[in-house]
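J.: need a structure here:
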Amino acid sequence: MTTADSPSDPGGRRSAGYAQLAKAVLYREYLVFVRYPANAIGGIVISVFFFGLLFYGGRMLAGQALTDSIEGIVVGYFLWTLSVGAYSAISNDIGSEVQWGTLERHVMTPFGFAPVALLKGVAKVVRTFVTSAVILGVMLVVTGTTLRLNVGTIVAISVLSIASVLGLGFAAGGITVLYKRVGNWLNLLQFGFIVLISAPAFDLGWTKFLPLALGSSMLQRAMIDGTRLWEFPLAELAILVGVAVAYVAFGYLVFQYSTRRARRLGVLGDY
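T.: Numbering: from 1, shown residues only. Next up is the predicted model:
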């Protein structure tokens, strides 16, 4: 028997399974979060600071026009913080591993490089949910806005929305393995998320098949109008799930191709 959950060595020890891997990765992310609180708090402060600039600066320039649309801005900024965290979770982490010279350890694991990288990305997304929830609370206090916070609906739509972005981050991680220092190019995509999140302000049309666009529209309706998950049209839910699965699969394939090519070229551990 050679499966990950079966005994595989003469000493009778059981090899670690994916459940143990997920637990270890989540615990590692927790330790990084609590042992470096200044960095964690700094990320929240910076996000709140930029929102403050957006809110107070916009109110000075646009006045009542901004006030009338503040709920949408709060929801959009909340989704943007989640998206940036999901996208950078894999790409930035792999970039750091390349610089530290520890990338080969992931490649040599019995689980394979891609599953380890994906689980590390998921763990960072969980952390991002915590920090983004704090940022959302601060935004509501600063703006005096009231939203419909049905946790189940918000979490379900948010997870499916940022899954497509996680897939893009997975693809970006593969490109990082192959070409090493491409951070400036990859970071440009983060600004494209603003356009995708703003898509519901216009006619969605074909853009609903792009990352974040349909999810942003549904999250706006959930948090502003109080629409529950089961009240959305079945076709919209199907598209949201399909887009999430498609982009994660695309990112996984790009990651696998890039890492295999890096091995063939002998540049996997180079920097």
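
J.: tell me how many other residues surround residue 261.
T.: 14 (other CB atoms under 10 Å). Every C-beta, even on glycine, is put in place using the N, C-alpha and C of the backbone.

J.: sticking with residue 109, tell me its helix or strand.
T.: Per DSSP states H and E, residue 109 falls between elements, in no helix or strand.

J.: let me see the contact set for residue 128.
T.: For residue 128, the contact set (CB atoms under 8 Å, 6 or more residues apart in numbering) comprises 81-82, 85-86, 89.

J.: I'd like those laid out as JSON lines, including neighbour count and distance to residue 262.
T.: JSON lines is the format used below for the contacts of residue 128 (neighbours: other CB atoms under 10 Å; distance: CB to CB, whole Å):
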{"residue": "81", "neighbour count": "25", "distance to residue 262": "31"}
{"residue": "82", "neighbour count": "27", "distance to residue 262": "30"}
{"residue": "85", "neighbour count": "25", "distance to residue 262": "26"}
{"residue": "86", "neighbour count": "28", "distance to residue 262": "24"}
{"residue": "89", "neighbour count": "28", "distance to residue 262": "20"}
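
J.: between these, which is nearest residue 227?
T.: Nearest to residue 227 among those: residue 82, at 18.9 Å, using CB to CB.

J.: quick one on the thing from earlier: now render the contacts of residue 128 as CSV, adding secondary structure.
T.: As requested, the contacts of residue 128 are exported to CSV (DSSP: H, G, I helix; E, B strand; the rest coil):
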residue, secondary structure
81, helix
82, helix
85, helix
86, helix
89, helix
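
J.: with respect to residue 157, which of these is nearest?
T.: Using CB to CB, the contacts of residue 128 come closest to residue 157 at residue 82, 10.8 Å.

J.: surely that closest one meets residue 132?
T.: Yes - the pair residue 82 / residue 132 is scored as a contact, 5.0 Å apart, by CB atoms under 8 Å.

J.: where do the contact lists of these two overlap?
T.: Common neighbours of residue 82 and residue 132 (CB under 8 Å, 6+ apart) do not exist.

J.: need the pLDDT of the closest residue to residue 48 other than its chain neighbours.
T.: Nearest non-adjacent residue to residue 48, counting by CB to CB, 6 or more residues apart in numbering: residue 138, 5.2 Å away. Residue 138 carries a pLDDT value of 89.

J.: buried residues in stretch 253-262, which are they?
T.: For stretch 253-262, the neighbour count (16 or more other CB atoms under 10 Å) marks 254-255, 258-259, 262 as buried.

J.: cool, stretch 85-98 as well?
T.: 85-95, 97-98.

J.: any chance of a markdown table for the residues you listed, columns secondary structure, pLDDT and distance to residue 33?
T.: Listed next are the buried residues of stretch 85-98 as a markdown table, based on DSSP: H, G, I helix; E, B strand; the rest coil; pLDDT from 0 to 100; distance: CB to CB, whole Å:
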| residue | secondary structure | pLDDT | distance to residue 33 |
| --- | --- | --- | --- |
| 85 | helix | 83 | 12 |
| 86 | helix | 83 | 16 |
| 87 | helix | 84 | 19 |
| 88 | helix | 80 | 15 |
| 89 | helix | 73 | 13 |
| 90 | helix | 75 | 17 |
| 91 | helix | 72 | 19 |
| 92 | helix | 74 | 15 |
| 93 | helix | 75 | 14 |
| 94 | helix | 73 | 19 |
| 95 | helix | 69 | 20 |
| 97 | helix | 70 | 18 |
| 98 | helix | 68 | 23 |
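
J.: pipe those into CSV and attach distance to residue 128 per row.
T.: Shown next, in CSV, are these (distance: CB to CB, whole Å):
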residue, distance to residue 128
85, 3
86, 7
87, 10
88, 9
89, 7
90, 12
91, 14
92, 12
93, 12
94, 17
95, 17
97, 19
98, 22
